[in-house]
Structures are given as C-alpha cells and as structure tokens.
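**Q** model this:
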Amino acid sequence: MRAADRHGAWLVLALALALFACSDDDDGDGDGALATDSVAAALDASSELSRLVVPLEASPDLGGLVPDVARALKIQNAISSFRALVANPACVKVATDNLTSLDVTFDRCRIALVLALDGSLHAGIAIEAAGGLASRLVVAVTIPSLVLAGPLRSRRLSGALELRQAIPPLGAPVELSGELGFAVDGGAERRLAFGAESVVTGTCVSFTGGGQLSGEPLGELGPIALSGQQIRGCRDQCPTSGSVELSYGRGTLLSWTYSGADTASVIGPRGKRVEVPLGCGGEGG
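**A** Down below sits the predicted model:
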C-alpha cells in the first residue's frame, strides 16, 4: 500500500458519503445533503493535506540509528520527497538546521498535474525512545497558509498537526491528530479537528478515528461529528468490517457498519433504515 493510503484511511469514510444524501432526513428538509456536502469538503481538504504529510513519514532506513543521525537522515529524505512531489523542484525552497526542523516554501508549484500550490509549512522533527531498541518519529507541522488552486476550485488551508510513527514503520500504528482550517473558493472558513490511528498491513489498512467539523457556514447543522471504529479495507475492495456514525444538527444521527458487501444498511433518524450501494470494490471502485 502506498504511503498516501495510510493517511488516506480518512478516505475510507468517504466511501460512505453517498449514504448521507441517499438516506436523507425523515423530515425531508435536505439537512442530510447539506451535511454531506460539508463532510465531503472536509475530507477533500484532508486528502490534499495528506499529500504534504507523506514526505514527513518515517522510513525503514531510519531503524537502528542514533537519534541525531536518524533526524538528519529524515530531514534529508523529506527534502528530496518534497521536491519529487512537484513538477519543477526549483519551486520548492527549504530552510533547515539539518537536525530539528525544516521550513518549506512553495512558489507556484505544479502538483498532481492540475493543481498549483503556494504557501509554506514548518515541521519540527524529533526521535523519541519507545522502550528497548525501538524508537518513534514525532513530527509537529505548522501550516500558516497553503493555497491549492485547480481548474474548478481553489482551497486555502492552515492549521497544525502531529504525526507519530514507529521506526521502523512497517506494521506499526500511525497516529495523526490536529486541527485544519479550510476555505473553498475564498468562502468562509470551516475547521476540522481530527484524530486517527491507522495500521497498514500489505495492501490493507485498519482505521479508527474521527473528527468534528465546525464553522459559521454550517449554521444550525454544526458541529458535525464523524467517527469510524475499527474500519478495515483493502485495495480494490469494499471495507470488510467497522462501523461509522455521523451526527449533525439537533442530535440527528446516521450509523452503519461495513461487512465486505457493496451495500450498507444505514440507520437514520427514528430508526429509519435504508439500503444504499457503496462506490467501492473491483472495477467499480
């Protein structure tokens, strides 16, 4: 599984976005669809941010090194990864002390073919002892402002997050938490506070976590809370286990579980149950 898929565990929840709109409120007032749009925008912003988290992840070559050497190697690996992320490496400027931190500035960088990236981030790098010969990479990221402009829309991101990961990373939990502010096409800002733990095994990922979305644009829908428990999914398959809850407005709650099937039974307000197809698995995923 690609490194991006690890933080893309958030996007396992996105498989369920179709459920929100299709199940809708019993009252038929469209709040379910509005909540869907808001959560979709938050997951969209999180997925874009995940591109910039990947270069800061641990790698197997950090194992067994003394902390100072491991940190220095991590920083050099991160610099190379940031430059490989964009079409023209010259658009990435990096300032670092080569031991504890790096500041990365993007100047009209082309990313993912169609996105233009401007802005900066600061990352503090630490290696912590985790008992015995084991150690852990801790990266604290501050994002004053990032703008991702695409052909259809632009997103402005800011916030802070913390990444904690075992060294070597294979098969060990990855912890990611933080708060992200985002605005679409210059609109009012919404904020997503989140926390998640994921484990990658081969081409599969197990995920537990959630987030709370807030901000003036949500109106009476806010705050919107989304949580996923013990969700497990493999590439090109629908999630095989786990449960999800979405709450919004005045206590409206939607919930469902995954079983590996390409449908899910959503339980909505006052016990209403709707069977909804999932957009996942095989050629249709």
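**Q** Please, where are all the helices along the stretch 101-250 of the chain?
**A** Ranges of helices in the stretch 101-250 of the chain, per DSSP state H, counting those that start in this stretch: none exist.
**Q** gap between the closest residue to L121 other than its chain neighbours and G219?
**A** Closest residue in space to L121, ignoring its immediate chain neighbours: I143 at 4.8 Å, by CB to CB, 6 or more residues apart in numbering. Backbone N, C-alpha and C define where each C-beta goes, glycine included. Distance, I143 to G219, by CB to CB, to the nearest Å: 26 Å.
**Q** before we move on, back to that, the residue nearest to L121: neighbour count?
**A** 20 (other CB atoms under 10 Å).
**Q** Surely it is in contact with G159?
**A** Yes - using CB atoms under 8 Å, I143 is in contact with G159, at 5.4 Å.
**Q** show me what contacts the nearest residue to E189 once chain neighbours are set aside?
**A** Spatial nearest neighbour of E189, chain neighbours left out: A183 (4.7 Å); criterion: CB to CB, 6+ apart. Applying CB atoms under 8 Å, 6 or more residues apart in numbering to A183 gives the contacts R155, R156, E189, R190.
**Q** Most neighbours among those, which one?
**A** Counting by other CB under 10 Å, top hit in the contacts of A183: R190 with 22 neighbours.
**Q** What's opposite that one in the beta bridge?
**A** F182 (DSSP bridges).
**Q** which ones are touching it?
**A** R190 touches S38, A41, A42, G181, F182, A183, L213, S214, G215, P217, L218, counting by CB under 8 Å, 6+ apart.
**Q** same deal with L157?
**A** Contacts of L157 by CB under 8 Å, 6+ apart are A45, E48, L49, G119, I143, S145, L146, V147, L148, L180, G181, F182.
**Q** What is the burial count for the last one?
**A** Read it as F182. 25.
**Q** Over to the first one?
**A** Counted by other CB under 10 Å, the residues lying close to A45 total 22.
**Q** quick check, it in a strand?
**A** No - judged by DSSP: H, G, I helix; E, B strand; the rest coil, A45 forms no part of a strand; its state is helix.
**Q** how near is it to S255?
**A** Taking CB to CB, one finds A45 at 24 Å from S255.
**Q** any low-confidence regions in this protein?
**A** 1-30, 32, 131-133, 281-285 (pLDDT under 70).
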